[in-house]
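In: Fold the following and give me the result.
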Amino acid sequence: MKVAIIHYWFVGMRGGEKVVEELCNVYPDAHIYTHVVDRKQISDVLKEKEIRTTFISRLPLAKKLYKFYLPLMPLALEQLDLSEYDLVISSESGPAKGVITDPDALHVCYCHSPMRYLWDMHKTYSQGTGFLKRLLMAPLLHYLRVWDVTSSSRVDFFIANSNFISRRISKFFRRPSVVIYPPVAVDDFFISGEQGDYYLMVGQLVGYKKVDLAIDAFNSLGRRLIIIGQGEEYDNLEKKAYENIEFLGRQSFNMIKKYYSECRALIFPGVEDFGMVPIEAMASGRPVIAFCKGGALDYVIDEETGLFFLEQTKESLIEAVNRFEQMESDFSPSNIKAYAEKFNRISFTTSLQTFIDSKLNRL
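Out: Next up, the predicted model:
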C-alpha cells in the first residue's frame, strides 16, 4: 500500500507537526507533501524524511512569506500528482485537504481545525491591518471559503482532534467526524518534589492566546506569573506587565519540563482547538486554570484536573485564581498525571490505525 501524507507547511514544531511525526511512525514508508519546509526548524525525525513541496516553495522568500501566498495554495495542491497512492492522509489547519486523489484511493483528513482565519476567527486575524489590506482580503477570503467547502467533499472521512473541532467541521463543512485526540509525549514529563511560588503560561505570544488577559489579571493580583514563549506580541505584552510577571522567551525542553513541574498551576485563557500545553502541564501533575471553551473542555475537569473561568475577562480569571488558592491542597498531582495518560502516543496511533484499517477494509 502506498501512502501520502499532506501537511500545510513545516516552519516549526507545533502540535500539527508532532502529529505528522506520529503518522510517520505508523506509516514509515509514506511520502510527505507540503507547501513550504524549513529544515532548520523541524525535528530530527522529520529531517530524515523526503519532503516534497508544491511550487509555493519556489516563490520569493517562501519560508518567511508563505502566508502571503495563501491564495495560490489551492492551485498548488490541485497540481500534485497523487494518482499512485492508495491512502492519502491530509493534516489540515492550513490548506492541505484540497488535493485530488485517485478515485479508488482512501482520503482521510486529520483536522486540527478548519482554517481559523477563514471562518470563526477572521475578525481577530484582520484586527490591526490597514484599510487597504482589509479591502483586498475580503474577496480573497470569500474565494478561499468557497474552495474550502468545495474541497471538503474530496475527503472520504474526517478525524477531529477534539469535540470542539468536530462541531466546527459539522458547522462549516456539514460533514461528520470521529474524535481522535492528538499524541502527547506524556511519559517525558514528571512530578516534582519541589513547589514554586509562580503560575505559568507557555506558548506563542499572539493575540488569540489572550496572554494580555492573563497579564491584566496578574497585574491586579500581584501574584508571580512566568511566561515562556516568543511571538509578535512579545514587546507589547512585556511593556504592560508589572514586576511580578517574568518573560523568559524561548526555553529548552528540559527547562520547560522543570517549570511545568514546579508551577502552582498553568494559566490557559485562550480558546484552543485542542491544546497540548495543558496536557503537558497535567502530565507534570499540575492543575490547569482554563477558559471554559474549546479543546480544554475535553480534559479539564473542574476541581479535579483544574478549574474553569466562565468569561474571558480579567475579573473572571481573578476569581478563578482566588478559588484555586482556597482549594489548592485538594488537587492530587498523581491523579492529574493519571488522567493525562489517556492522551499518550500509543492511544493515538492505535485509534488512528484501527479507524483507517476499518475504512480500508470497506474499499
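In: what's around residue 149, how many residues?
Out: Each residue near residue 149 was counted by other CB atoms under 10 Å, and the total is 15. Yep, even glycine has a C-beta here, placed from its N, CA and C like the rest.
In: ok, it touching residue 172?
Out: Yes - if you go by CB atoms under 8 Å, residue 149 and residue 172 touch, sitting 7.1 Å apart.
In: would you list every one of the helices in this structure?
Out: For the chain, the helices defined by DSSP state H occupy 15-26, 44-47, 62-65, 73-78, 122-126, 131-152, 163-173, 211-221, 234-240, 253-262, 276-283, 314-327, 333-340, 345-360.
In: which of the residues in stretch 93-112 are buried?
Out: Residues of stretch 93-112 classed as buried by neighbour count (16 or more other CB atoms under 10 Å): 93-101, 105-112.
In: Let me fix that, I meant to ask about stretch 255-269.
Out: Judged by neighbour count (16+ other CB under 10 Å), stretch 255-269 contains these buried residues: 256-269.
In: just to revisit the earlier point, and of the helices of the chain, who's closest to residue 54?
Out: Relative to residue 54, the nearest member of the helices of the chain by CB to CB is helix 73-78, separated by 3.7 Å.
In: can you list contacts of that closest one?
Out: Residues outside helix 73-78 that contact it (CB atoms under 8 Å, 6 or more residues apart in numbering): 6, 8, 35, 54-56, 94-96, 98-100, 144, 147, 151.
In: With stretch 48-67 instead?
Out: With CB under 8 Å, 6+ apart, stretch 48-67 has contacts from 9-11, 24, 31-38, 69, 72-73, 76-77, 79-80.
In: try 10 Å
Out: Residues outside stretch 48-67 that contact it (CB atoms under 10 Å, 6 or more residues apart in numbering): 4-11, 20-21, 24, 28, 30-42, 68-70, 72-73, 75-80, 94-95, 99, 117.
In: Just the buried residues of those.
Out: 4-11, 20-21, 24, 30-37, 42, 69-70, 73, 76-77, 80, 94-95, 99, 117.
In: just the helices of the chain: most buried one?
Out: Neighbour counts (mean count of other CB atoms under 10 Å) averaged over each of those peak at helix 276-283, with a mean of 26.
In: Packing partners of it?
Out: helix 15-26, strand 198-202, helix 253-262, strand 266-268, strand 288-291, strand 306-309, helix 333-340 (3 or more CB pairs under 10 Å, 6 or more residues apart in numbering; DSSP states H and E).
In: Other residues contacting the third one?
Out: Just to be clear, that refers to helix 253-262. Here helix 253-262 makes contact (CB under 10 Å, 6+ apart) with 185, 188-198, 200, 202, 226, 228-229, 248, 250-252, 266, 277, 280-286, 333.
In: Derive a PyMOL selection command for the buried subset of these.
Out: The following PyMOL selection, which keeps only the buried ones among the contacts of helix 253-262, applies the criterion 16+ other CB under 10 Å:
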select buried, resi 185+189+192+198+200+202+226+228+229+251+266+277+280+281+282+283+284+285+286+333
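In: ok, back up a step: which members of the contacts of helix 73-78 are positioned in strands?
Out: residue 6 (DSSP state E).
In: Just give me the least confident of the contacts of helix 73-78.
Out: The member of these with the lowest pLDDT is residue 94, and it reads 88.
In: Pull the contacting residues for residue 157.
Out: Residues near residue 157 by CB under 10 Å, 6+ apart: 106-110, 175-178, 355-356, 358-359.
In: farthest-separated two in the residues you listed?
Out: 175 and 358 (17.8 Å).
In: ok, back up a step: can I get the helices of the chain in a markdown table including distance to residue 306?
Out: Output for the helices of the chain, formatted as a markdown table (distance: least, CB to CB, whole Å):
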| stretch | distance to residue 306 |
| --- | --- |
| helix 15-26 | 19 |
| helix 44-47 | 31 |
| helix 62-65 | 37 |
| helix 73-78 | 37 |
| helix 122-126 | 25 |
| helix 131-152 | 34 |
| helix 163-173 | 16 |
| helix 211-221 | 15 |
| helix 234-240 | 23 |
| helix 253-262 | 14 |
| helix 276-283 | 8 |
| helix 314-327 | 8 |
| helix 333-340 | 8 |
| helix 345-360 | 20 |
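In: Give the burial count for residue 83, as a bare number.
Out: Neighbourhood size, residue 83 [other CB under 10 Å]: 11.
In: for it, phi and psi?
Out: Phi and psi for residue 83, reported as degrees, to the nearest 10, are phi -70, psi -20.
In: Can you give me the distance of the residue nearest to it when sequence neighbours are not counted to residue 221?
Out: Spatial nearest neighbour of residue 83, chain neighbours left out: residue 102 (5.0 Å); criterion: CB to CB, 6 or more residues apart in numbering. Using CB to CB, to the nearest Å, one obtains 58 Å as the distance from residue 102 to residue 221.
In: Give the bridge partners for residue 177, please.
Out: Judged by DSSP bridges, the bridge partners of residue 177 are residue 158.
In: what's near enough to touch it?
Out: Neighbours of residue 177 in contact, by CB under 10 Å, 6+ apart: 109-111, 155, 157-161, 163, 165-170.
In: Among those residues, give me the pair with the biggest separation.
Out: 155 and 163 (19.0 Å).
In: List just the one of the helices of the chain that sits closest to residue 299.
Out: Taking CB to CB, helix 276-283 is the member of the helices of the chain nearest to residue 299, at 6.3 Å.
In: Next, the angle from that closest one to helix 15-26.
Out: 70 degrees (axes from the mean of the first three to the mean of the last three CA atoms, to 10 degrees).
In: I'd guessed residue 346 sits against residue 183; true?
Out: Yes - counting by CB atoms under 10 Å, residue 346 does reach residue 183; the two are 8.3 Å apart.
In: That concludes my questions; thank you for your assistance.
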